[in-house]
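Colleague: Next one to model:
(2 chains)
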2 protein chains.
Amino acid sequence: MANPQNQSTEESFHITPRAEDYSAWYLDIIRAAGLAEHGPAKGTMVIKPYGYAIWEKVQTVLNAKFKESNVENAYFPMLIPESLLKREADHIEGFAPEVAVVTHAGGKDLEERLIIRPTSETIMYEVFSNWIHSYRDLPLLINQWANVVRWEMRPRLFLRTTEFLWQEGHTVHASEALADERARMMLEVYRDFAETYMAIPVIPGQKSDSEKFAGALRTYTCEAMMQDGKALQFATSHNLGDHFAKAFHIQFLDENNEQQFGWQTSWGLSTRSIGGLIMTHSDDKGLVLPPKMASIQAVLVPILIGKDVDTDVLSKMKELDAQIRGLSISTKIDDRALRPGEKFYEWERKGVPVRVEFGPKDLAANHAVLVRRDTGEKETVTLSDVPERIGQLLETIQKSLYERAVQLRTSKTKTLDTWDEFKQAIEEGNFVLGHWDGTRETEALIKEETGATIRCIPFDSKDEVGMCIKSGKPSKRRVIFAKAY
Amino acid sequence: MANPQNQSTEESFHITPRAEDYSAWYLDIIRAAGLAEHGPAKGTMVIKPYGYAIWEKVQTVLNAKFKESNVENAYFPMLIPESLLKREADHIEGFAPEVAVVTHAGGKDLEERLIIRPTSETIMYEVFSNWIHSYRDLPLLINQWANVVRWEMRPRLFLRTTEFLWQEGHTVHASEALADERARMMLEVYRDFAETYMAIPVIPGQKSDSEKFAGALRTYTCEAMMQDGKALQFATSHNLGDHFAKAFHIQFLDENNEQQFGWQTSWGLSTRSIGGLIMTHSDDKGLVLPPKMASIQAVLVPILIGKDVDTDVLSKMKELDAQIRGLSISTKIDDRALRPGEKFYEWERKGVPVRVEFGPKDLAANHAVLVRRDTGEKETVTLSDVPERIGQLLETIQKSLYERAVQLRTSKTKTLDTWDEFKQAIEEGNFVLGHWDGTRETEALIKEETGATIRCIPFDSKDEVGMCIKSGKPSKRRVIFAKAY
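Modeller: Here you go, the predicted model:
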C-alpha cells in the first residue's frame, strides 16, 4: 500500500505533553499513531487498520485462552425484543437509560420495539433455556465476539463509545460454587492477559454492591492505574447467581432427577482495554506498544543517500528481514521515498518497539543500529547478531514496560487513615487503600465529596481492624479508592 | 464440556429426505447437525458453536488471502446517519425498503434517524474522503468483518436472515482500470475459496444491469448450483466506478497536480455461503463437510464393552490421536458414556469427514477401522498407518466432493434454444445457457413467466451469434438462467 497508516499528509502530528493536558495528550496519541477517529454519528468510532490490528491481537490471545478452558465461540442476534430485556429487574434498571431502540424496519413500524444489545445476557439466556434440560448439558460454556451499543453522553475514543467491540462469555453451571469458580477463573485469564501481554499491572478484586453489574450476585474486576493516577476497569467477570436462571427458566434435572435452577457467569473485555494500553505506556513522543501487542515488532528503515534506493542496502536488508522473521518476530521494511528522519518519527509515533537503521556505511561496517522505542537507547550490532538481539530487546522491553507501570502504581498508592489526607491524595491522582464501613451510604458520600469510587476490594486485602475513613465506623479490611475512567 | 453439540436430548434428529421436501431437508440438516436456530426476534439467527466454527474457518482462510493482497482490516460504525445513506441515489433506492431504523436512544428521540448498516459504502466513503488527498494515498485497501441488517420478509437460516455476518472489502484506486482489476482479483479470491476450500464449483461472471448492486457500475459474481438445481450467489465483487466518489467527494491530486475522483470497488461474502456449503454436499443422513471446512476432521470413537471405559483402548487411542494431530489434522476423541452407535449417528449428522472406530478386538489385532462420511466406505488399517491414511482420505474426500458437485452441475446445465424447452428445463431445476437480447424488458418477462433470472454472463462465455430465447432478437453470447435462492 502506498500509505499504510491511512493518514492525510496534511494532518497534524502534534502531541500535547501529558503534563500540560492529559486528556488532550491521550487524543493526540490516538490521532498521531493512526489508531482511531470519531465516526459520523455521535459517539461512534472508526477503528483504523493500525488500531484494529491491536484488537486482532487481543482476539488471538484470548481465543486461545478461552479454548484451553473449553469455551466455544458462537453468535447470537444483536436485536433483542424489548420484553426480553425487561425480564430481570435489576438488569433493565441498569441498562434502560443507555439503550438504542429500533422502532421501524422494512418500511413499517415494528409491533414490538427491538433493543440493540447493550450486552447479551437476556437474549442468550432465553435461548439457553431451550438448550439445557439435564445435568449432562452442563457446564455450558459460550463466548461471543460482537459489537454492542450503549448510549454515551460523554464519548471518548476507546474508553467510552456508543458502539464498542468486545467479547462476552456466558456460562451455566450445576452449582453456585462451580459458577463462582468459573467467574474467578476467567478473571484470572484477564489478569494474566493484562499483565503478561499488555504489560498492564492490575489489581484483581471484588466490586462493592453499588458498583457491581446490573443483575449480578458478585462482580469481580481487574483494576489498572493510568499514568495520571486514575483507575481503569480493565475487564470484569460476574457471578450471576441464579437471578437470570429464575427470570429465564434455565432449569435442569439433577442426578437425583430433581429440577434445579442453573448458576451462571458472564465476563467481558472490550476495546476499552486498548484505551488502557495507550494510557499505560505511551509518552510525549507518541504511542508505546508492548512487543506482545505490536503488529509490527521491528521496523527496518534503510538509510538512503538522497531519495535513491541503494540496491545493495535494500537487498541486504531484505536478507536480514527474512532472518528476523525466522525468529517469529513481525517486521516491516519501510522503503518509501521519504527522508529517514520522517520515517523515524512516524514509527516512533506508532510505538513500534524496535527500529533497525541500516545504510551504506553500516553495510560496509557489517553492522546495524538498533533503537529501543521505550527508552530511545541505541546500540550498534554486528549483522549476524541482529535477529537474536532484537528478540532479546523485545523481551526486555515487554518486561521493562510492566515494571515501570508497577513502579508508578506503587509510588501513587497510599495507605491512609485520615479524611484530610484521603481527600488530598485523591485530588492529586492516587489510589488510596482505606477503610470503609461497608455501606452504600458512605460510599455515595465519598464519591460525592471527592469523585472517588471503590474500585475493588482486592483479593489480597488482609483482615485488619480499622475505622472507616469517612464515617469512623468499624471496618474489617481496606479497599481501593480512586477516581476512574 | 458435557454436551459439545448443545442440543437437547429431547430434540428430534429426523431428517426429511431431499427427494421428499428439499426445503424441509435443508432445515432438518441445520437442526440435526446443531449449526443454527432461529432467534427470538423475527428473521434473526443464533449461530451455534458447531456452525460458528465453520464461519471461523471462512475468516481464517479469507483473512490470509486478503492480507496477501495487501488489504487491511478495520472497523467502521454500525449506525449510519440517514442523510449519509441517501447521498447516492441508486444506492438508497436499492436499500431503503430493507433498512432497520433507530429512532430513540439514551432515553430520548434522536434528532436524526440512524440506520443500522445494510452495507457500509456510505459510512466508509464519508470517512475515506478525509483520508484521501493525493495519488500517494492510493490504493486504499480496507476490509471489515461485521454484522449487517437487511429486513427479510421470508427469512431462512443462513440464506436470508435479518441480521447476518459478512466481510466487506472497500477499495479506492487512481483509475477505473485499476479498480476493475481489483474487483476481478477479489472475485478470483472468492472463486478459489469456493472451489478449493468449500469444494463448491462456481461460475464466475458479470451480473446483468437489473441484477447488479445498487450503485455499482458493474457487479461480478460467483454463482453456484445447489442439489435442487437452483442457483446460489456465493459472493459478489463490485466495480463502483466513480458513482460513490462523486457523491462522497473522494478526490485526489494526481501526479500532474490535478483533482481527480477516486475509482472504487466493494466485495463481500457472508454467512449465506454456509447455506451454500450445506446444500452442496449434504445427504439424507445429515451434513457433509469438505475436510478443509471441518472444525473436526476426524473423530475417534472407542468401542467399549458395555459402558465401561477400557483403559487400554482409550490410552492407545490417545496415542493415536496425538500422532494424527501431529499431521495437522484436527481431531476429537468421543469418550462419552454413550453407545457407540449413538455416537456414530451423531458424527454422521454433523458431517465429520472421517470416523475412526477402535475397540478391544482392534487393539488385539493392531488395527483400526476408518469410515468415510461421504461414501460410507469402511477400511481396516494397521495402526501405524492410520495417521497417514487419514491424511490421504481427507484429500480424497475434498477432491471427490468437488468432483461430485461438478458432475451434478454438468448434468443439470442445458444449452437450449427454444422457449418451450427453456421453460421445462427451468421448471425441472436446471441451469440454462441461453441467448438473451440484452434488454431489461426481456429479462423481466422471462422472470415473470418462469421465475428464472440471469445469474450471470459467464466470463468464459464465447462470442456466438444467436437469437434471444424469449424475444427472438439478435444476441451475441449465451448467459446463465436459473431460479435462485
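Colleague: pretty sure A:S69 contacts A:M185?
Modeller: Yes: using C-beta atoms under 8 Å, A:S69 is in contact with A:M185, at 6.6 Å. (Glycine included, C-beta is placed from N, CA and C.)
Colleague: Spell out the residue ranges of the strands in the stretch 351-485 of chain A.
Modeller: Along the stretch 351-485 of chain A, the segments classed as strands by DSSP state E, counting those that start in this stretch run A:354-358, A:367-372, A:378-382, A:413-415, A:431-435, A:453-458, A:466-467, A:474-475, A:478-482.
Colleague: And for the stretch 51-200 of chain A?
Modeller: A:72-73, A:79-81, A:100-105, A:108-116, A:140-149, A:163-173.
Colleague: which of these sits most buried?
Modeller: strand A:79-81 (a mean of 25; mean count of other C-beta atoms under 10 Å in any protein chain shown).
Colleague: right, is that one up against chain B?
Modeller: Yes: contact between strand A:79-81 and chain B, assessed by C-beta under 8 Å from any C-beta of the partner chain, occurs at A:L79, A:I80, A:P81.
Colleague: what's that strand packed up against?
Modeller: strand A:108-116 (3 or more C-beta pairs under 8 Å, 6 or more residues apart in numbering or on different chains; DSSP states H and E).
Colleague: Report the distance from the strand it packs on to the chain centre.
Modeller: 33 Å (C-alpha atoms, centre = their mean, to the nearest Å).
Colleague: that older thread, nearest to B:E88 among the strands of the stretch 51-200 of chain A would be which one?
Modeller: Between B:E88 and these, the tightest spacing by C-beta to C-beta is seen for strand A:100-105, at 21.4 Å.
Colleague: Please save the CA atoms from that closest one in CSV.
Modeller: This file holds the C-alpha atoms of strand A:100-105, laid out as CSV (Å, rounded to 0.1, in the frame of the first residue of the first chain):
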residue,chain,number,x,y,z
ALA,A,100,-30.7,2.3,21.4
VAL,A,101,-34.1,1.3,20.1
VAL,A,102,-35.2,0.1,16.6
THR,A,103,-38.8,1.1,16.1
HIS,A,104,-39.1,0.9,12.3
ALA,A,105,-37.8,-1.7,9.9
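Colleague: Now tell me what touches that strand from outside.
Modeller: The contact list for strand A:100-105, computed with C-beta atoms under 8 Å, 6 or more residues apart in numbering or on different chains, reads A:79, A:82, A:109-110, A:113-116, A:149, A:151, A:162, B:79, B:99-106, B:113-114, B:116, B:149, B:151, B:162.
Colleague: which stretches of chain A form helices?
Modeller: A:22-32, A:49-68, A:82-85, A:89-95, A:121-131, A:176-192, A:243-248, A:272-281, A:311-325, A:340-349, A:360-365, A:386-411, A:419-427, A:440-450 (DSSP state H).
Colleague: Out of those helices, which gets the lowest mean score?
Modeller: In terms of mean pLDDT, the lowest-scoring of those is helix A:89-95 (a mean of 89).
Colleague: who does it touch, helix- and strand-wise?
Modeller: helix A:82-85.
Colleague: what sits against the residue in the stretch 251-400 of chain A that chain B sits nearest to?
Modeller: Of all residues in the stretch 251-400 of chain A, A:T271 sits closest to chain B, at 8.7 Å by C-beta to the nearest C-beta. Counting by C-beta under 8 Å, 6+ apart, A:T271 touches A:M45, A:I47, A:W55, A:F158, A:T161, A:F164, A:L165, A:W166.
Colleague: Out of the strands of the stretch 351-485 of chain A, flag the one nearest B:N130.
Modeller: Here strand A:354-358 is closest among those (C-beta to C-beta), at 28.7 Å.
Colleague: Check the model's average confidence along that closest one for me.
Modeller: In this model, strand A:354-358 carries a mean pLDDT of 97.
Colleague: Could you export that strand as PDB, CA atoms only?
Modeller: Taking C-alpha atoms only, strand A:354-358 is exported to PDB below (Å, rounded to 0.1, in the frame of the first residue of the first chain):
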ATOM      1  CA  VAL A 354      12.400  -1.700  17.900                       C
ATOM      2  CA  ARG A 355      13.800   0.300  14.900                       C
ATOM      3  CA  VAL A 356      16.600  -1.000  12.800                       C
ATOM      4  CA  GLU A 357      18.600   1.600  10.900                       C
ATOM      5  CA  PHE A 358      20.800   0.400   8.100                       C
END
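Colleague: Distance from that strand to the middle of the chain?
Modeller: That offset, for strand A:354-358, works out to 29 Å (C-alpha atoms, centre = their mean).
Colleague: What is that strand packed up against?
Modeller: So strand A:354-358, by 3+ C-beta pairs under 8 Å, 6+ apart, packs with strand A:298-302, helix A:311-325, helix A:340-349, strand A:367-372, helix A:386-411.
Colleague: The ones you listed: which one's closest to B:A89?
Modeller: Evaluated over the helices and strands packed on strand A:354-358, closeness to B:A89 peaks at helix A:340-349, with 39.9 Å, by C-beta to C-beta.
Colleague: buried sites along that closest one?
Modeller: If you call a residue buried by 16 or more other C-beta atoms under 10 Å in any protein chain shown, then helix A:340-349 has these buried ones: A:K343, A:F344, A:E346, A:W347, A:E348, A:R349.
Colleague: Can I get those residues in TSV including distance to B:P360?
Modeller: TSV is the format used below for the buried residues of helix A:340-349 (distance: C-beta to C-beta, whole Å):
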residue	distance to B:P360
A:K343	67
A:F344	68
A:E346	66
A:W347	63
A:E348	66
A:R349	66
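Colleague: Rebuild those residues as TSV, extending it with distance to chain B.
Modeller: Formatted as TSV, those follow (distance: C-beta to the nearest C-beta, whole Å):
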residue	distance to chain B
A:K343	14
A:F344	19
A:E346	14
A:W347	17
A:E348	21
A:R349	17
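Colleague: Disregarding residues adjacent in the polypeptide, which is nearest to A:E379?
Modeller: A:L370 (5.4 Å; C-beta to C-beta, 6 or more residues apart in numbering or on different chains).
Colleague: next one: A:C222
Modeller: Nearest one to A:C222, counting by C-beta to C-beta, 6+ apart, is A:V202 at 3.9 Å.
Colleague: Which of the contacts of A:T271 sits closest to chain B?
Modeller: A:I47 (4.1 Å).
Colleague: Compute the distance between the residue lying closest to A:L289 once chain neighbours are set aside and A:H281, please.
Modeller: Nearest residue to A:L289 in three dimensions, chain neighbours excluded: A:G351, at 4.0 Å (C-beta to C-beta, 6+ apart). For A:G351, the distance to A:H281 (C-beta to C-beta, to the nearest Å) stands at 8 Å.
Colleague: okay, now the domains of chain A?
Modeller: Per automatic domain parsing, the domain ranges recorded for chain A read A:22-281, A:296-392, A:413-482.
Colleague: For the stretch 1-150 of chain A, which residue gets nearest to chain B?
Modeller: Closest point on the stretch 1-150 of chain A to chain B, by C-beta to the nearest C-beta, is A:G106, at 3.1 Å.
Colleague: Distance of that residue relative to A:P474?
Modeller: In terms of C-beta to C-beta, A:G106 sits 61 Å off from A:P474.
Colleague: More neighbours: which of these two?
Modeller: A:G106 (17 against 12; other C-beta atoms under 10 Å in any protein chain shown).
Colleague: residues in contact with the nearest residue to the more buried one once chain neighbours are set aside?
Modeller: Setting aside the residues directly before and after it, A:G106 is nearest to B:W151 in space (C-beta to C-beta, 6+ apart), at 3.1 Å. Residues near B:W151 by C-beta under 8 Å, 6+ apart: A:A105, A:G106, A:G107, B:G43, B:P97, B:E98, B:V99, B:A100, B:T162.
Colleague: out of the strands of the stretch 351-485 of chain A, nearest to B:T396?
Modeller: So among the strands of the stretch 351-485 of chain A, strand A:354-358 is nearest, using C-beta to C-beta, at 46.9 Å.
Colleague: The closest one - which strands sit beside it in the sheet, and in what orientation?
Modeller: Strand pairing for strand A:354-358, determined by DSSP bridges: strand A:298-302 (parallel), strand A:367-372 (antiparallel).
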